[in-house]
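**Student:** This is a predicted model, with the sequence first.
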Amino acid sequence: NFTNLTVLSLSSSNLEGQFPPKIFQVPTLQALDLSNNIKLQGTLPVFLQNGSLQRIVLSNTKFSGKLPDSIGNLRNLSRIDLSYCNFTGPIPNSTANLRLLVYLDLSSNNVTGLIPSFQMSKNLTYIDLSHNALIGSVPSSYFTGLSNLVYFNLAYNSFSGRIPLSLFSLPSLQKILLSNNQFGSEVAEF
């Protein structure tokens, strides 16, 4: 029944039990931080069209389930931190619709499948998909236009194929972590 709620921050509050998914759907909510509540459980709901959420931080909780395709409806989303949770299944292709995304951390989950293209998210500075069960190759085209990307971590997955050459031409990139994968032995020339 919150009609004016824009920010809800309950991080490190020793919360436990099941978090009500309807709170994610409060039409005015812009930022939700439930991080560091290691006994708090929950799942992500179906997100409504043109939701106002800009920040979702659920790191170090027991949130689980699949990432909903409807996450692409959150056109204002700039920060997603779902690290150290129990999410499963693929990263929805609809994340390609998140044009304002700056920070994406899905590390240390059980996320599977291929990674979607981040080409439309030109503002991305941080991507961490490490410690999951992601597979497939990483096409060079995925990094076109990501001139603001500073940090990129795909370590501890099952990626294969060649390391994309375009990754090394990103002007702002400071840290690349690709260890513990199955990339081919041939290294592209610089």
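**Tutor:** Thanks, I have it.
**Student:** name the element the residue nearest in space to the middle of the chain belongs to?
**Tutor:** The chain has L104 as the residue nearest its centroid, 3.8 Å off, counting by C-alpha atoms, centre = their mean. Following DSSP states H and E, one finds L104 within strand 103-105.
**Student:** I'd like to know which elements the very next helix or strand once past that strand is packed against.
**Tutor:** Counting by DSSP H and E, the next helix or strand C-terminal to strand 103-105 is strand 110-113. In terms of contacts (3 or more C-beta pairs under 8 Å, 6 or more residues apart in numbering; DSSP states H and E), strand 110-113 is packed against strand 86-90, strand 133-136. C-beta: built from backbone N, CA, C; applies to glycine.
**Student:** Check what contacts the first one and list those residues.
**Tutor:** Strand 86-90 is contacted from outside by 62-67, 106, 109-114, using C-beta atoms under 8 Å, 6 or more residues apart in numbering.
**Student:** Below-threshold pLDDT in the chain: ranges please.
**Tutor:** Filtered on pLDDT under 70, the chain yields the residue ranges 185-190.
**Student:** repeat that with 90
**Tutor:** Along the chain, segments meeting pLDDT under 90 span 1-3, 48-51, 96-97, 117-120, 138-145, 162-168, 184-190.
**Student:** burial count for L129?
**Tutor:** L129 has 22 neighbouring residues, counting by other C-beta atoms under 10 Å.
**Student:** Next: S108.
**Tutor:** By the criterion of other C-beta under 10 Å, S108 has 19 neighbours.
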